[in-house]
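# only the shape, not the letters, is given here:
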């Protein structure tokens, strides 16, 4: 298995979170297309024995998702399947997420579960995914347990329009998922059309056919391949529940007016590896990804069982494109995905700003990834995805940073605020600071394990980092205290790592941040004491007063005996 070999290379991840926790988070990063696995593990893994059967939890407001996962890691390769009782434990996990008494939920889970419930109540959630992740073959027993969990949750949220997805991620599905990241077209099978092409068009680098396919043909295609059909699409099927108005209307049209569907619908576009039209009676393609029409396809695939006969009456416009020009493929995919707003940073991968930044980072021997997830360029951790939030927070807009990565790329003014006219060394500064904060958070979460009697300050730090909004808020605090740290005026939009330090290993730059960032955290805890941190996060006036107080404490510390704490970071920062 290729993915197992790749996972074994993640030695620092395994060292921090042990093999079972590291495996769960490595797979979740692959599944969720998250670049920063350490950050995901630090935020998502639950701690302690009283975890309410929740091994991993993730709230993604920008994509409207809650992810719950139970993990199992076998040290033996002789087992045929993972224990089904671990899958059934997700019933307990789901119950605690939805309705368990908050007073009975341990501190390490209380804040995230409370926030998840608020997101559900505010209609910010489109789907809840219940995942069983293990390193053994998939089984019918586990599948049945997950279907039971999903059915129970679906009944609870019937009036909310929230899609419930239960999945078993064993070695076969994880391997397929890993391989799919290497290829835009996952499905390589031969697929035969149920009609002849009615039109053909060719040009340099591509040729295409136009079909009118039946709803029955598309329904069977979706039932056979599912989400793999959308491997080269910016988005998959978004569901057809009550809150997915357009998709629900597509499904209703298919059920109620099958004869008019062709006139109502824009059709689908398929990208293929090859087209065989030698036989005049039929056309066969090799490989398929639907790059436009995911919502049409999924809506047809979700037609009620008692309306399936209508599918034979439906006709759907279908374009099939074979492209031999590698450079054209991303453009074809992009331009076929402009009918709906694209909530992804993928569309910026060829942006001139990003191409320029990649060249600048190359100059400092730092790989800069232009993609999300597991691509081969992702070695240092630096990339379009990982620098966006910390940069926005550092420059003062921690509120927008806390809305999620997608929020930055949806709103062009935020994207420009982060990337336009920025030096690579400035992004290097914000990213390494963010990684230092992750390291501090990891160490703080280890406190109950290391110390039998944590101090009040230790407990307060734990409380702060359990707040989902605190990380970006803390980065903003450090930025506003930076003048006191380095004894120099600071332009937060352009302050940067010096040219001499920019060529050093990224781990060294991160380590230089840890001591001063820890000092800021200690000063922060000393000022807020028993106050709820949300009072400062939600009130700019209180925020600015807090920054002044923390800056004063840092200055006092430097004047007494703490100047060495800040010496390393002072050496590596230049204002521009």
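Arrived safely, thanks for sending. Just so you know, these numbers come straight off a predicted model, no measurement behind them.
# in the stretch 51-200 of the chain, where is pLDDT below threshold?
179-184 (pLDDT under 70).
# my bad, the chain
Short version for the chain, where the test is pLDDT under 70: 48-50, 179-184, 233-247, 278-280, 326-327, 334, 337-347, 371-380, 559-563, 576.
# ranges for the strands of it?
56-60, 65-72, 127-134, 163-169, 187-192, 199-203, 206-214, 268-272, 274-276, 284-292, 315-323, 496-497, 573-574 (DSSP state E).
# got the domain ranges for the protein?
For the chain, automatic domain parsing gives the domain ranges 2-180, 187-340, 347-574.
# turn the strands of the chain into JSON lines, including mean neighbour count and distance to residue 385.
Just so you know, the C-beta spots here come from the backbone N, C-alpha and C atoms, and that holds for glycine as well. Listed next are the strands of the chain as JSON lines, based on neighbours: other CB atoms under 10 Å; distance: least, CB to CB, whole Å:
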{"stretch": "strand 56-60", "mean neighbour count": "20", "distance to residue 385": "13"}
{"stretch": "strand 65-72", "mean neighbour count": "23", "distance to residue 385": "16"}
{"stretch": "strand 127-134", "mean neighbour count": "24", "distance to residue 385": "20"}
{"stretch": "strand 163-169", "mean neighbour count": "21", "distance to residue 385": "22"}
{"stretch": "strand 187-192", "mean neighbour count": "14", "distance to residue 385": "26"}
{"stretch": "strand 199-203", "mean neighbour count": "10", "distance to residue 385": "34"}
{"stretch": "strand 206-214", "mean neighbour count": "19", "distance to residue 385": "30"}
{"stretch": "strand 268-272", "mean neighbour count": "24", "distance to residue 385": "24"}
{"stretch": "strand 274-276", "mean neighbour count": "14", "distance to residue 385": "33"}
{"stretch": "strand 284-292", "mean neighbour count": "22", "distance to residue 385": "22"}
{"stretch": "strand 315-323", "mean neighbour count": "20", "distance to residue 385": "26"}
{"stretch": "strand 496-497", "mean neighbour count": "24", "distance to residue 385": "20"}
{"stretch": "strand 573-574", "mean neighbour count": "20", "distance to residue 385": "24"}
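# what would these look like in a markdown table with distance to residue 422?
Putting the strands of the chain into a markdown table (distance: least, CB to CB, whole Å) gives the following:
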| stretch | distance to residue 422 |
| --- | --- |
| strand 56-60 | 26 |
| strand 65-72 | 30 |
| strand 127-134 | 34 |
| strand 163-169 | 37 |
| strand 187-192 | 40 |
| strand 199-203 | 38 |
| strand 206-214 | 36 |
| strand 268-272 | 34 |
| strand 274-276 | 43 |
| strand 284-292 | 32 |
| strand 315-323 | 34 |
| strand 496-497 | 9 |
| strand 573-574 | 14 |
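# so residue 199 makes contact with residue 207?
No - if you go by CB atoms under 8 Å, residue 199 and residue 207 don't touch, sitting 11.7 Å apart.
# now do the closest residue in space to residue 369 that isn't next to it in sequence against residue 405, distance only.
In this structure, residue 369 finds its nearest non-sequential neighbour in residue 383, 3.2 Å apart by CB to CB, 6 or more residues apart in numbering. Residue 383 sits 11 Å away from residue 405, going by CB to CB, to the nearest Å.
# more neighbours: the two, which one.
Using other CB atoms under 10 Å, the more surrounded residue of residue 383 and residue 405 is residue 383, with 29 against 23.
# can I assume that one is in contact with residue 368?
Yes - counting by CB under 8 Å, residue 368 is a contact partner of residue 383 at 6.0 Å.
# one step back: if I look at the residue nearest to residue 369, how far off is residue 555?
Counting by CB to CB, the separation of residue 383 from residue 555 is 36 Å.
# which ones are touching the closest residue to residue 435 other than its chain neighbours?
With CB to CB, 6+ apart as the criterion, residue 435 has its nearest non-adjacent residue at 4.8 Å, and that residue is residue 510. Each residue near residue 510 by CB atoms under 8 Å, 6 or more residues apart in numbering is listed here: 432, 435, 436, 439.
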